[in-house]
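Novice: Any chance you could fold what I've pasted below:
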Amino acid sequence: MSTITIAIVILFVIGYLCIALETVTKINKAAIALIMLVATWTLYMFDPGNFPAGITPDGLAAAAAPVIEGHLGSTATTLFFLMGAMTIVETVDQYGGFNFVRNMLSTRSKRALLWRITILTFFLSAILDNMTTAIVMVMILRKLVADHKDRLIYASLVIIAANSGGAFSPIGDVTTIMLWNKGLVTAAGVIKELFIPSLVSIAVPAYLLSFSLKGTLAAATDSGTTVAAGSLTESQRKTVFWVGVGGLVFVPIFKTLTHVPPFVGILLVLGVLWLVTELFYRKQEHGGADGTQKRISNIISRIDMSTILFFLGILMAVSCLQEIGVLTMVGKGLDDVFNGNHYLITGIIGVLSSIIDNVPLVAGCMGMYPMAAVGDMAQDGIFWQLLAYCAGVGGSMLIIGSAAGVVVMGLEKITFGWYMKRITWIAFVGYVAGIVVYWLEKTVIGL
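Specialist: As a prediction, the model looks like this:
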């Protein structure tokens, strides 16, 4: 390992610690993430080992550009998906689209709400992706829970439930989609064998967190659902809801049919929703504040860009670690140390996925371990199914360990330290419980 590679790792660790200590440093995590992005890739450019010997400065730029731009393109697909999903959900919310969901979940009992939120999030994330589900559920929580301290607990549970629900579905999580597209797992195999472990991985944390919630809820107020006079008609507001939410459900179907990346589908839905609302407002140019504030061109301006930039910085910094081979080295080291024990290897990979983004970790494993005809490495083998479970559920152990966590962190301003102190151990218990259940399925039940 070269000196520059070591320096990149050290810089990443320092930056990660600064993000973790955001409440102490009082520095926005997005600023640190962007500096990490620039620092790691700049050092990468100064390592001659990354390029052919004797390369000229012009040749260096030509060789490095495709590498950096390739990772940027991969990262941008996540960012555009996030921006599109946030805009769609916010638009539907502005027209009171989630009122019926709020009414369905509405209860004065804190514990009853906890279980209703858990069940809905778990199953919704298997249909939508976990990031979109987290956005939707946080928007609903804002209407149901006035106390911010209580809402932090519910929001944390949304993160765990969204990641657990996405793990047993072939379209519920990016890493599962990767394994499914490569033919390493099948849709039927993942659903059949990971459903119960995934359910246990959220049922245990929900039970533990239920002891933190006692009594009844105070009513929450949200002016976002109030429809001003002269606004869209009831049928038009329902159309906005069905186009928005129906479009989100359609995204994985669109991907399956066309094989285009998910962000293309989310941009299609955003474009159609934008067109529909513009057509509704075309005769209401002077319709007052409602006709101005609730148009998508204005809603986009209210998207939290600090969250987007944080995502950009952290994912690109992790991509640099992937490019210099650090992630692959970690994977091979695990294989050597644990002598091919796939329960331990995937279990540790899951823990690492809470620290380092699970997408490059899974990508590294896919490149490091070839698919076999029989055994643990065969299609729907123990290794690949456990990898899908561990990489998905393991991200719940830290607030920045998953896309759902990063989104909720930005929306509800949950600090890294608060989550680690209150939630990490609970998510870990659920994570281990799910692995134990999977082991029982394989050794006792014989699935």
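Novice: wait, isn't Glu193 in contact with Tyr438?
Specialist: Yes - counting by C-beta atoms under 8 Å, Glu193 does reach Tyr438; the two are 7.2 Å apart. Glycine gets a C-beta too; all of them are placed from N, C-alpha and C.
Novice: Now list whatever residues contact both of the two.
Specialist: By the contact definition C-beta atoms under 8 Å, 6 or more residues apart in numbering, Glu193 and Tyr438 are jointly contacted by Gln385.
Novice: Comparing the two, which residue is more hemmed in?
Specialist: A direct count of neighbours by other C-beta atoms under 10 Å for Glu193 and Tyr438 places Tyr438 higher, at 25 against 22.
Novice: Let me know the helix or strand that the more buried one is in.
Specialist: When elements are assigned from DSSP states H and E, Tyr438 belongs to helix 424-440.
Novice: For that helix, list every residue counted as buried.
Specialist: 424, 426-428, 430-435, 437-438 (16 or more other C-beta atoms under 10 Å).
Novice: Could you do stretch 266-285 as well?
Specialist: Across stretch 266-285, burial judged by 16+ other C-beta under 10 Å covers 266-270, 273-274, 276-277, 280-281.
Novice: Same question for stretch 37-48.
Specialist: By neighbour count on 16+ other C-beta under 10 Å, the buried set for stretch 37-48 is 37, 39-41, 43-44.
Novice: can I get these in TSV with distance to Thr307 and secondary structure?
Specialist: Listed next are these as TSV, based on distance: C-beta to C-beta, whole Å; DSSP: H, G, I helix; E, B strand; the rest coil:
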residue	distance to Thr307	secondary structure
Leu37	15	helix
Ala39	21	helix
Thr40	20	helix
Trp41	21	helix
Leu43	26	helix
Tyr44	26	helix
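Novice: roughly how far apart are Ser106 and Ala39?
Specialist: Ser106 sits 48 Å away from Ala39, going by C-beta to C-beta, to the nearest Å.
Novice: can you check Leu79 too?
Specialist: 20 Å.
Novice: ditto for Pro261
Specialist: From Pro261 to Ala39 the distance is 29 Å (C-beta to C-beta).
Novice: Ile4: how many residues sit nearby?
Specialist: 17.
Novice: Skip the chain neighbours and tell me the closest residue to it.
Specialist: For Ile4, ignoring the flanking residues on the chain, the nearest one in space by C-beta to C-beta, 6 or more residues apart in numbering is Asp47 at 3.9 Å.
Novice: and the closest residue to Ile382 other than its chain neighbours, which of the three is it?
Specialist: Residue nearest to Ile382 in three dimensions, not counting chain neighbours: Asp376, with 4.4 Å by C-beta to C-beta, 6+ apart. Under DSSP: H, G, I helix; E, B strand; the rest coil, Asp376 falls in the coil class.
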